[in-house]
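> Dropping the sequence and predicted coords here.
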Amino acid sequence: MTDLLTRRLDMLSQPDRRSLLAGALHGIEKENLRVTQDGRLALTPHPITLGSALTHESITTDYSEALLEFVTPARPDLRDVLDRLADIHRFVYANLADEILWNQSMPATLPGEEDIPIGWYGTSNSGMLKHVYRKGLALRYGKAMQCIAGIHYNYSLAPEVWQLLAQPQTGNDAQKNQSDGYIALIRNFSRYNWLLMYLFGASPAFSEGFLQGRPHDLERHDSDTLFLPWATSLRMSDLGYQNKAQSALKPCYTDLDSYVTNLYSAVNRPWAEYERIGTHQNGEWVQLSTHILQIENEYYSSIRPKRVARRGERPLRALKERGIQYVEVRCMDINPFEPLGIDLPTCRFLDTFLLMCALDDSPGLPEGGWCTESGQNFARVVKEGRRPGLMLQHHGKEIALVEWGHALLDRLSICAAALDDAQGHGEHTAALRLQREKLDDVEKTPSARVLAGMRSSGLSFHDFSLKLSQEHAKTLMAQPLPADRLAAFQAASKQSIEAQQILESTQSGDFDAYVKAYHASLGD
């Protein structure tokens, strides 16, 4: 008897259904620090020629004024998505003057905490809400941690797929079937996301200044650089994103309702340390609330269920009322060897991986089972994933990382073949071969390449990352945008500035009332 994954692939590979496999949507969000020519954090304001960070659809900022975020539209053709990402990079480079983009997940050389500029979004209530939220992040986690950058990969299957996959007992509720399907995908992703860290983690080292004096047990490469010899992604370890208050927020994705309830509780439950700080200091807002989470987006996770929210709508309410629309993969490091931080084979592999997670059996188990086991596997791989003979836990038993990795790639191969057949090329299978090479030869992983590059060049993490970033800057600037695309970006920037000005000139009510209404909008 064939297993569930094979049966579902056979069903979706029928001639009249192949278009569904080719109909997935993809989008990329890439964060990049603006830095000076010598690799220090830029202290300049967000360039006005890039438009408004509040209202521009493609170019915004994340935490810091210097932390740009590029957002592509969701498209079925991955080449279109990457072309759009390249265009954004080229437009930004045409407007950066003497600065460049830091093409690494761990930050460039940072100034003291007090001098890292928080993102500014103007004087409208919505702009001030974003700014105060970031002030709260600074208090809760420190500014340096918020300067970490990554790639977010957005993915959705054609809605019809979820109806075809639905079990007879679940009925014809399309919204529920789709949400249940995405939750099952997320459960499997949580089981296997350690593999992504091994294959694509690219942050095994960083500059000592990032720790801002925190104690550590890292090894020293030189006077400026700290590292762990077998690490894959220190960005995703407890040295990167960390927070005591969030430690209890580990939803095991039983269903959408339990996930939403968990985060509803967190945005409404006070935390003693934050209560001692309060929401105001010297008459100014310093955080949006004293709860575990100021807002739901503060929750850090390797993947999120998402729904495009309407204007003024809270993301959690959108999820609760209309279900899951897509997933956002948040654990991908920037690849410092690629000008865009990500390439087509990586995207092809992510599609294959996410399709397997969606179609394979995904039983739900109580916390203390796979949920704890998966978290421990992930934590082990980000810190020592390249250690020879590393063992992971699988159903309570030890298994070698390399053995389990190859077993997963065997299952992924049938997904890759189905995607290639539906799309008329062999790129998913080719991308899979590249990943097998990394399992067979650990030195081909990005994290190993970073450490090898530092050793062979004798450069510090800072100097090695700066050299790569400068090379990518030259590559991108050597291919300026065609006149029509440049004009389109310039028009979008102008329109975004006008949109912000309209917001600021037409809003009513003070900020205190706006924050109160914002919190109340989440409802019960």
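Happy to help now that I have it.
> Longest helix in this protein, by number of residues?
Secondary structure of the chain per DSSP state H: the longest helix is helix 174-200.
> Do a quick rundown of the helices in the stretch 101-250 of the chain.
Assignment of helices within the stretch 101-250 of the chain using DSSP state H, counting those that start in this stretch yields the ranges 125-141, 159-165, 174-200.
> Run through the stretch 301-450 of the chain and note the low-pLDDT ranges.
Within the stretch 301-450 of the chain, the stretches falling below the threshold (pLDDT under 70) are 365-370.
> quick one, strands of it?
303-306, 326-332, 391-394, 397-400 (DSSP state E, counting those that start in this stretch).
> Please identify which of those strands is closest to E65.
For these, distance to E65 was read as CB to CB. The smallest value, 21.9 Å, belongs to strand 326-332. C-beta here means a position set from N, CA and C on the backbone, and glycine is covered the same way.
> List the contacts of the one residue sitting closest to the centre of the chain.
Nearest to the centroid of the C-alpha atoms of the chain, with distances taken as CA atoms, centre = their mean, sits R330, at 2.5 Å. The neighbours of R330, taking CB atoms under 8 Å, 6 or more residues apart in numbering as the test, are 150, 152, 300-304.
> Any figure for the gap between it and A422?
For R330, the distance to A422 (CB to CB, to the nearest Å) stands at 27 Å.
> same deal with P45?
Distance of P45 to A422, computed by CB to CB: 47 Å.
> ok, those two, which is more surrounded?
Looking at P45 and A422 with other CB atoms under 10 Å, you find the greater number of neighbours at A422, namely 19 against 11.
> Do I have it right that the more buried one meets S19?
Yes - the pair formed by A422 and S19 meets the contact definition of CB atoms under 8 Å, at 7.3 Å.
> Leaving out the residues flanking it, which one is nearest to Q294?
Leaving aside its sequence neighbours, Q294 sits nearest to L288 (CB to CB, 6 or more residues apart in numbering; 4.1 Å).
> Then T109?
Using CB to CB, 6+ apart and skipping residues adjacent in sequence, the residue nearest T109 is R40, 4.8 Å away.
> Model confidence at L503, what's the number?
What the model reports as pLDDT for L503 is 94.
> Use 39 as the first number from now on
Noted, 39 is the first residue going forward, which turns the last one into L541.
> What is the burial count for the closest residue to it other than its chain neighbours?
Distances taken as CB to CB, 6+ apart place S162 nearest to L541, at 4.1 Å, with adjacent residues excluded. Here the count is done by other CB under 10 Å, and S162 has 21 residues near it.
> Count the neighbours of the residue nearest to M515 when sequence neighbours are not counted for me.
The shortest distance from M515 to any residue other than its chain neighbours is 5.1 Å, reached at Y131 (CB to CB, 6+ apart). Neighbouring residues of Y131 were enumerated by other CB under 10 Å; the total is 19.
> any idea how far E137 is from Y131?
Look at Y131 and E137: by CB to CB, they are 9 Å apart.
> do L446 as well
Applying CB to CB, the value for L446 to E137 is 41 Å.
> list the contacts for the residue lying closest to H444 once chain neighbours are set aside?
Spatial nearest neighbour of H444, excluding adjacent residues (CB to CB, 6+ apart): L477 at 6.0 Å. Shown here is L477, whose contacts under the criterion CB under 8 Å, 6+ apart are 236-237, 440, 443-444, 447.
> Select only the buried ones of those in ChimeraX?
The following ChimeraX selection, which keeps only the buried ones among those, applies the criterion 16 or more other CB atoms under 10 Å:
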select :236,237,443,447
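> nearest to H64, of the contacts of L477?
When the contacts of L477 are compared against H64 (criterion: CB to CB), the nearest one is L237, at 18.3 Å.
> okay, stretch 262-269 in CSV with CA atoms only?
Below are the C-alpha coordinates for stretch 262-269, written out as CSV (Å, rounded to 0.1, in the frame of the first residue of the first chain):
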residue,chain,number,x,y,z
ASP,A,262,37.0,41.1,16.9
THR,A,263,35.3,37.8,15.9
LEU,A,264,33.5,35.1,17.9
PHE,A,265,32.3,31.8,16.5
LEU,A,266,31.3,28.3,17.3
PRO,A,267,33.2,25.7,15.2
TRP,A,268,30.2,23.5,14.3
ALA,A,269,27.5,26.2,14.2
